[in-house]
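S.K.: this one's structure only:
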């Protein structure tokens, strides 16, 4: 009997939208991490902007230990800090700026010599990127500075919107246009550690174009790693280069915080919908992130607005939703995941369909893609209960997941990496299954057995099985078989 990954059955309802939770000080115990898994986490995020490599190593080790004990796969996403431009530190930790004050961002100033009138910056090229008339947004736009002039590396500003300003806050130029490189020396070092942690996905922060994604991918490969590449869409430049970025990556993460600062908060919802659609058109995964349930950092329940935000992302078709500070440093990390889980489930009841007309006119370039789409077309019109996709790389399951459907897809594979990769695929559930050394008839019978042990099919249910004639070959899916549970399975 093969080992299988236990799939959570929330009252016999499978959640299709995946949940990503960021690990941090609030989750640094086996008990909390175990509770997060039980609450519904599909992937965890390591935020390399915070914490030490030793702390992240412990988190991955503990997660993998619990995953093995629970027979429940959880993916790991390593999120690079990127070239987020920040002000330096203040000698008095923080200052207060009033409207009309004059304030200088001095690129020549040492990073820790800020005071009431001036502050340094982490990006020494900032003075070359801005000029008189530009607007700088500090601390996600809470502080607004109008650039008066730039002289010898000093960016002299008038305070348009004031308030309390503490050290190390981010800076954006309204409308974008800052030319800081996407990958810093810290990112290059973090990539090496991400390879050591065997992360399943690596997220690239603040990419400008496809070349930034390709560079990060090559650095990861050169370090001996293998992972899905996620492009974080946080800059105006990313939107302008979105087609090339989508071609170069495996998934996008819609970072609505910095993106909203650059394009304006009112533009974010429409852009979010467009990005999700564009990603799906190119068989890419879309993750919606930032402040989804921000109030749960301090409150045991989300606001109704936050619930609506998560629900609308699901209705838009997002593949995954992400929690950041809510789980990393919040008081109620497990409750935040539970709130996200129940919101996704409720929203999916309104959006998932048994019959979908998606991609019915698509011209396929590969046989395995054609089999995947044929399976979804058939499943949606034949009252099929579940799909068993025997896969090496996970590609067949990914293509299937691009079709909006309420039918669960089980990715049956012998590869540990593939099991963890598919945790990000919408409506796809990993199951450990080794096809080697078995006849086609044995494979069919055991694949049905996997679904029965997962509790998703019963006697007389229809199941679709996809597989290759040469079992064990990547990209070799070439056959689709319809099986009725409990009936004799043809050895063909």
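M.R.: Noted; the coordinates are in hand. Bear in mind that the values here come from a model prediction, so they are computed numbers and not experimental data. Residues are numbered from 1 along each chain as shown.

S.K.: let me know the secondary structure of the residue sitting nearest the centre point of the chain.
M.R.: Note on the chain: the residue nearest the mean C-alpha position is residue 287, at 4.4 Å, using CA atoms, centre = their mean. Here residue 287 is strand, with the state taken from DSSP: H, G, I helix; E, B strand; the rest coil.

S.K.: identify the bridge partners of it.
M.R.: residue 253, residue 320 (DSSP bridges).

S.K.: OK, contacts around it?
M.R.: Contact analysis of residue 287 by CB atoms under 8 Å, 6 or more residues apart in numbering lists 20, 230, 251, 252, 253, 254, 318, 319, 320, 321, 322, 424. For every residue, glycine as well, the C-beta is placed using N, CA and C.

S.K.: so how far is residue 16 from the closest residue to residue 425 other than its chain neighbours?
M.R.: Distances taken as CB to CB, 6 or more residues apart in numbering put residue 401 closest to residue 425, at 4.4 Å, once the chain neighbours are dropped. Using CB to CB, to the nearest Å, residue 401 is found at 8 Å from residue 16.

S.K.: packing partners for the helix or strand hosting residue 231?
M.R.: For residue 231, the element it lies in under DSSP states H and E is strand 228-233. For strand 228-233, the contact count by 3 or more CB pairs under 8 Å, 6 or more residues apart in numbering; DSSP states H and E identifies strand 201-204, helix 210-222, helix 236-240, helix 242-248, strand 251-255 as packing neighbours.

S.K.: and the angle from it to strand 285-289?
M.R.: 50 degrees (axes from the mean of the first three to the mean of the last three CA atoms, to 10 degrees).

S.K.: which intervals of the stretch 351-492 of the chain have sub-threshold pLDDT?
M.R.: 353-362, 437, 469-475, 488-492 (pLDDT under 70).

S.K.: just the strands in it please.
M.R.: 386-390, 409-413, 428-432, 462-468, 477-484 (DSSP state E, counting those that start in this stretch).

S.K.: so which of these is nearest residue 26?
M.R.: strand 428-432 (26.7 Å; CB to CB).

S.K.: just to revisit the earlier point, hey, what's in contact with both of residue 401 and residue 16?
M.R.: Joint contacts of residue 401 and residue 16 (CB under 8 Å, 6+ apart) are 426, 427.

S.K.: before we move on, back to that, need the helices and strands packed on strand 228-233 in TSV (columns: mean neighbour count).
M.R.: TSV is the format used below for those (neighbours: other CB atoms under 10 Å):
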stretch	mean neighbour count
strand 201-204	27
helix 210-222	18
helix 236-240	19
helix 242-248	18
strand 251-255	25
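
S.K.: residues in contact with the strand or helix carrying residue 172?
M.R.: Element membership of residue 172, judged by DSSP H and E, is strand 171-173. By CB under 8 Å, 6+ apart, the residues outside strand 171-173 that reach it are 85-87, 105, 121, 123, 126, 129-130, 134-138, 141, 178, 258, 261-262.

S.K.: partner strands of it, parallel or antiparallel?
M.R.: Assessed with DSSP bridges, strand 171-173 is paired to strand 135-138 (antiparallel).

S.K.: who touches the partner strand?
M.R.: 87, 105, 130, 143-147, 155, 157, 160, 165, 169-175, 261-262.

S.K.: residue 70 and residue 37 touch, don't they?
M.R.: Yes. With contacts counted by CB atoms under 8 Å, residue 70 reaches residue 37, the gap being 6.3 Å.

S.K.: what residues of stretch 92-107 count as buried?
M.R.: 95, 97, 103, 104, 105, 106, 107 (16 or more other CB atoms under 10 Å).

S.K.: pass me the low-pLDDT residue ranges in this protein, would you?
M.R.: Applying pLDDT under 70 to the chain flags the ranges 1-13, 353-362, 437, 469-475, 488-492.

S.K.: residue 170 versus residue 185, what's the distance?
M.R.: In terms of CB to CB, residue 185 sits 19 Å off from residue 170.

S.K.: and residue 303, by the same measure?
M.R.: 24 Å.

S.K.: same check, this time on residue 273
M.R.: 25 Å.

S.K.: could you do residue 112 as well?
M.R.: Taking CB to CB, one finds residue 112 at 17 Å from residue 170.

S.K.: between those two, who's got more neighbours?
M.R.: residue 170 (17 against 12; other CB atoms under 10 Å).

S.K.: can you name the residues that contact the more buried one?
M.R.: Contacts of residue 170 by CB under 8 Å, 6+ apart are 84, 85, 86, 138, 139, 140, 258.

S.K.: ok, now which ones touch the fifth one?
M.R.: In other words, residue 139. Here residue 139 is in contact with 165, 166, 169, 170 (CB under 8 Å, 6+ apart).

S.K.: give me that answer again for 10 Å
M.R.: 86, 87, 163, 164, 165, 166, 168, 169, 170, 171, 172, 261 (CB atoms under 10 Å, 6 or more residues apart in numbering).

S.K.: try residue 276
M.R.: 252, 254, 284, 285, 286, 287, 288, 313, 316, 317, 318, 319.

S.K.: again, only this time at 8 Å
M.R.: 254, 286, 288, 316, 317, 318.

S.K.: what does residue 448 give?
M.R.: Here residue 448 is in contact with 388, 457, 463, 465, 483, 485, 489 (CB under 8 Å, 6+ apart).

S.K.: show me the two of those that sit farthest apart.
M.R.: 457 and 489 (13.5 Å).

S.K.: which one of these two has more residues nearby?
M.R.: Using other CB under 10 Å as the criterion, residue 457 and residue 489 rank with residue 457 on top: 24 against 19.

S.K.: I'd assumed residue 449 was in contact with the more buried one.
M.R.: No. Residue 457 is not in contact with residue 449 according to CB under 8 Å; the separation is 9.9 Å.
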